[in-house]
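1. Show me how the following folds:
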Amino acid sequence: MENDLSLAIAAAIAAGKLLREHFGKSHVVDEALHHDIKLALDKESQGLIEKILLSARPGDALYGEEGIAGNQDSGRQWIVDPIDGTVNFFYGIPHFCISIALRVDDEVVIGVIHDPMVGETWTIEKGGIPRLNGEAVKVSTREKFEESILFVGCGKDTESLNTGMERFHRASLRARKMRMMGSAALGMAYISCGRLDAYVESTISLWDIAAGKLLIEAAGGKVALTRKPGKADSWSIVASNGKIPIEEIL
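-> Predicted coordinates for the structure are as follows:
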C-alpha cells in the first residue's frame, strides 16, 4: 500500500464486503445482553481487518472492540470498530459501518468510516481535506436550534440511558428533528458532511469515535470529549457543526 490511508480504506472495504455477504442471514450470537449483542461476525470482521493492517505494518499495534493485537509497545496504534451498529446489523437494519483510525504517539492521524450497505466511505488524514467517496465535505451552516437535526445516543447502562432520554426530551422540544440511529461512527460521519448538526452521548468507547472526531474537526466542526472515570477509554461526547448551541440541552 502506498500510504496508511490507502491501507485503512482497503481494510474497511474488505470488512464491508464480508458484512454485506452476511447481511440478512442467521448469525452466531456470542453474547446477548439487555441492551447489546455481540456476534461471532464482529470477531471475524476484526480478524480480517487485523490481517490486512498488520500484514502491511507488522510493527504496529491494534486496539479494537474485539481485543488487541500486534506490538503493544508501538507508537502506532490502529483503533478499530469492526461493526459499529451490531444490533442494527443483527436485526436486518442496513445502518452500520466499519470505523478505522490510526493513532501515532497519542494523536489520531488517519480516519476511515465505511458504510457497506450504502456504499459510502468517509476519509481523512490529519491536516488534510475530509472526503466522502473522494469528494470534499464540510459541516452544515445551520445556526438555529429550531433548524437542526440532532443525534442523541443513550448508551447501554442505566445511568447513560436515563441521561440520554432526558437530553432527547429537552432537545426534541426545540430541534426540527431528533434521531437515535444506533451507530455513533455513522452519526459523526453524517455531521462531517452536513446531514446532521450535532451528536451527544454520555458514555461511548474510543473505537466508536476516533475516526469520526478527526473527520468532524477537519470538516469545520467541534468535538469535546470528557473521560469517564474508572472506565478505560470511555468518554462522554459532544460533537457539532460548531454553530448549534448544543450546550443548551446538556
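
2. Before we move on, what's the pLDDT of Ala32?
-> With respect to pLDDT, Ala32 scores 58.

3. By mean pLDDT, flag the weakest helix or strand of the chain.
-> When the helices and strands of the chain are scored by mean pLDDT, DSSP states H and E, strand 29-33 comes last with a mean of 60.

4. Measure how buried Phe75 is and give me the count.
-> Careful, residue 75 is Gly; it's not Phe. 12 (other C-beta atoms under 10 Å). In this view, the C-beta of every residue, glycine as well, is placed from N, C-alpha and C.

5. That one contacts Asp105, correct?
-> Yes: between Gly75 and Asp105 there is a contact under C-beta atoms under 8 Å: 4.9 Å.

6. Now for these two: what residues contact both?
-> Where contact means C-beta atoms under 8 Å, 6 or more residues apart in numbering, no residue is in contact with each of Gly75 and Asp105.

7. so Gly24 touches Gly92, yeah?
-> Yes: the pair Gly24 / Gly92 is scored as a contact, 5.6 Å apart, by C-beta under 8 Å.

8. gap between Gly153 and Val139?
-> Separation of Gly153 from Val139 (C-beta to C-beta, to the nearest Å): 19 Å.

9. element containing the most centrally placed residue in the chain, please.
-> Among the residues of the chain, Ala185 comes closest to the average C-alpha position under C-alpha atoms, centre = their mean, at 2.0 Å. Assigned by DSSP states H and E, Ala185 belongs to helix 184-192.

10. What helices and strands are in contact with that helix?
-> strand 76-84, strand 97-104, strand 107-115, strand 120-125, strand 149-152, strand 198-205, helix 206-218, strand 234-240 (3 or more C-beta pairs under 8 Å, 6 or more residues apart in numbering; DSSP states H and E).
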